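Engineer: Please work out how this folds:
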Amino acid sequence: MSKPWMNTIVVLVLLVSFVLVTNKLTKLNEHDLHEVRNWEDVKSWQYEQTPGLLRAEELGLAKNYDITIPIEGTSKTFELNEIWYNKNTVYIFYSVDYEKNHIPTINFHFGTEVVDSRNYVNRPYSGNVSPDEGVVYKGRYYHRVQVNPIYNEEQEFVEEVEQAFLKEFTVRIDEKTYELEPITVQLDYQLSNEEEVEFALDKEQVVKGHTITWKSMFIGTSHNALGFSFEPLSSYVLSGVQARVETDHGEERTIYTMNSLGDKHYSLSFDPFNVYPTAITIKTENIHLTDDQRFSFEFNVEDFTIETTDKKVHTLLETIQETDIFLERLFYDDRGVMFELLLKPTPTNDGNQYLVATTPTVYGEYEHRLGEAKTPKEEERLKAIPYIMHVTNEKGEIASYGSRGSGPEERMGLFLDRAFIEKSKTIRVEVSHLLHEIKVHENVEFEIGK
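Structural biologist: Purely as a prediction, here's the structure:
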């Protein structure tokens, strides 16, 4: 059962698969990188790891470079090969001379002279490609990092960027860090050069009485998006969608973000295509909904001890939506008490709808955000946050909290601070905004126009 992740609304962060073409890649040894046979294989690897790069290159949106910098104190060099700058992210492709089992990593400050560098620090991150997932070709290690595009001090996207610098530049090999000369690159980026097409869709999909109406498709060179409305049954609120989009060219993209647009309208974002499609299939796997149901339970903490104690409880609290809810365990240590809930579908559940766990939100945080909500759109987003937990003791005092989390399986837990526990005898927990997962067994197909 999948685990949705919430951030204001749901941000379904789904892992992107790293796919290797086995007939093109050769493993050097079990602790080393993959070696490719020709430059075409390097490009194939880049396209697999960077959705949309092929189309960006064909449209002239990515720039090639022939910049070589010696790594002082070694016989190695750093080469900047390519940059694809777009409004979502900046991909930087590079290579370094490679010595077996010694994987280099780079770091730098990316920015422009226009943006005050004292207030703007933009460091690279690996994205979906970790350092040990690069490839080796002709004795060089090829990899890719990402940085954020440039925003000004008012946090507005800069629509034209002529040049950028990479400074405070280092290469780390094993335990040694080498400083490199800064690089200035000519980008000539203009937002107006990015291609974007949007067209209307009109198709309904009914899932257990809830209606999804697909409204629009946006195809861009930096990202894609699907627009839809959702009409739920009764008091349900849409919290997330897990889906994939396939094209007639065999490309597949996983939905990674859902945004609420207000008035039960939403958009789903996903990575751009390498080839512009003429038809797409939306494969919705499940939808996640919160509701206005709630349950409460109590447990005694008079036996609390700062000695590490793991108490298996496995007490059935409630059965909701053919899902048993257990108080599974209590964990004591010098930080306080952690309680853990476990959700398990009942034997009579047909596997199409049940409760799932995710990291809970404490009531005080939720109440504060609700008080600051200024629009119905913001309130709708907050209603989609699952598992609001309100914890008090027998005196009605509100708990102070520590860490919280979810997993493995359908588990979630919350730590209560020691100071609160030591002045309490009984802990009362009220849980609202229960999270339902509904399986979807129908695909939707559309033809795409230019």
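Engineer: Parallel or antiparallel, list what pairs with whichever strand in the chain runs longest.
Structural biologist: Counting by DSSP state E, the longest strand found in the chain is strand 160-173. When pairing is defined by DSSP bridges, strand 160-173 lines up against strand 104-111 (antiparallel), strand 176-179 (antiparallel), strand 183-190 (antiparallel).
Engineer: The stretch 201-350 of the chain: strands as residue ranges?
Structural biologist: 210-220, 224-231, 237-247, 252-254, 257-262, 265-270, 279-290, 294-300, 309-320, 323-333, 336-345 (DSSP state E, counting those that start in this stretch).
Engineer: Nearest approach to Asp41 belongs to which of the ones you listed?
Structural biologist: Among the strands of the stretch 201-350 of the chain, the nearest to Asp41 by Cβ to Cβ is strand 252-254 (21.3 Å). Any C-beta I mention is one placed from the backbone N, CA and C, and that applies to glycine too.
Engineer: Report the mean confidence score over that closest one.
Structural biologist: The average pLDDT for strand 252-254 rounds to 96.
Engineer: Contacts for that strand, please.
Structural biologist: Leu14, Val16, Pro51, Asn224, Ala243, Arg244, Val245, Glu246, Phe270, Asp271, Phe273 (Cβ atoms under 8 Å, 6 or more residues apart in numbering).
Engineer: which residues does the third one contact?
Structural biologist: Neighbour list for Pro51: Glu251, Arg253, Asp271, Pro272, Phe273, Asn274 [criterion: Cβ under 8 Å, 6+ apart].
Engineer: what about the last one, how many residues close to it?
Structural biologist: The one in question is Asn274. 19 (other Cβ atoms under 10 Å).
Engineer: and the gap between it and Asn88?
Structural biologist: Asn274 is 16 Å from Asn88, where distance means Cβ to Cβ, to the nearest Å.
Engineer: swap in Pro131?
Structural biologist: Counting by Cβ to Cβ, the gap from Pro131 to Asn88 is 22 Å.
Engineer: Do a quick rundown of the helices in the protein.
Structural biologist: Secondary structure of the chain (DSSP state H): helices located at 39-49, 53-58, 363-372, 376-383, 418-422.
Engineer: any idea how the chain splits into domains?
Structural biologist: Per the record, the chain has its domains at 62-193, 196-285+439-447, 294-433, by automatic domain parsing.
Engineer: can you count the residues close to Cys76?
Structural biologist: Just so we're on the same page, residue 76 is Lys rather than Cys. 20.
Engineer: In contact with it, which residues?
Structural biologist: Residues near Lys76 by Cβ under 8 Å, 6+ apart: Pro70, Val96, Asp97, Ile173.
Engineer: can you pull the contacts of Gly351?
Structural biologist: Gly351 makes contact with Pro345, Lys439, according to Cβ under 8 Å, 6+ apart.
Engineer: Just want the phi and psi numbers for it.
Structural biologist: Phi and psi for Gly351, reported as degrees, to the nearest 10, are phi 80, psi 10.
Engineer: export the helices of the chain to a markdown table and tack on mean neighbour count?
Structural biologist: Formatted as a markdown table, those follow (neighbours: other Cβ atoms under 10 Å):
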| stretch | mean neighbour count |
| --- | --- |
| helix 39-49 | 18 |
| helix 53-58 | 19 |
| helix 363-372 | 13 |
| helix 376-383 | 17 |
| helix 418-422 | 16 |
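Engineer: can you tell which of those is closest to Lys208?
Structural biologist: Closest to Lys208 of those is helix 376-383 (Cβ to Cβ; 19.4 Å).
Engineer: what sits up against the closest one?
Structural biologist: Residues outside helix 376-383 that contact it (Cβ under 8 Å, 6+ apart) are 8-9, 237, 260-264, 290, 366, 369-370, 373, 433.
Engineer: Which of those residues has the largest number of neighbours?
Structural biologist: For the contacts of helix 376-383, the largest number of neighbours (other Cβ under 10 Å) sits with Thr290, at 25 neighbours.
Engineer: Not including adjacent chain positions, what is the nearest residue to it?
Structural biologist: His433 (4.5 Å; Cβ to Cβ, 6 or more residues apart in numbering).
Engineer: now do Tyr91
Structural biologist: Counting by Cβ to Cβ, 6+ apart, the residue nearest Tyr91 is Trp84, at 4.4 Å.
Engineer: give me every residue that touches that neighbour.
Structural biologist: Counting by Cβ under 8 Å, 6+ apart, Trp84 touches Thr50, Leu53, Ala56, Glu57, Leu61, Ala62, Lys63, Val90, Tyr91, Phe93.
Engineer: returning to that earlier point: now, which of the contacts of Pro51 sits nearest Glu447?
Structural biologist: Within those, proximity to Glu447 (Cβ to Cβ) peaks at Phe273, which comes in at 15.1 Å.
Engineer: Tell me who's in contact with the closest one.
Structural biologist: Counted by Cβ under 8 Å, 6+ apart, Phe273 has contacts Pro51, Gly52, Arg55, Ile219, Asn224, Thr247, His249, Glu251, Arg253.
Engineer: Over to the first one: give its phi and psi.
Structural biologist: Phi and psi for Pro51, reported as degrees, to the nearest 10, are phi -60, psi 130.
Engineer: that older thread, for the residue nearest to Thr290, give me the pLDDT.
Structural biologist: pLDDT at His433 comes out at 96.
Engineer: again with Val115
Structural biologist: At Val115, the pLDDT value in this model is 50.
Engineer: got a markdown table for the helices of the chain, with distance to Pro408 too?
Structural biologist: Listed next are those as a markdown table, based on distance: least, Cβ to Cβ, whole Å:
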| stretch | distance to Pro408 |
| --- | --- |
| helix 39-49 | 28 |
| helix 53-58 | 35 |
| helix 363-372 | 25 |
| helix 376-383 | 28 |
| helix 418-422 | 25 |
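Engineer: can you tell which of those is closest to Leu330?
Structural biologist: Closest among those, using Cβ to Cβ: helix 418-422, at 10.7 Å.
Engineer: Only C-alpha atoms, please: export that closest one in PDB.
Structural biologist: Extracted in PDB, the C-alpha atoms of helix 418-422 (Å, rounded to 0.1, in the frame of the first residue of the first chain):
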ATOM      1  CA  ARG A 418       9.200  14.000  28.500                       C
ATOM      2  CA  ALA A 419       8.300  17.100  30.400                       C
ATOM      3  CA  PHE A 420       4.600  16.700  29.400                       C
ATOM      4  CA  ILE A 421       4.600  13.000  30.100                       C
ATOM      5  CA  GLU A 422       6.100  13.400  33.600                       C
END
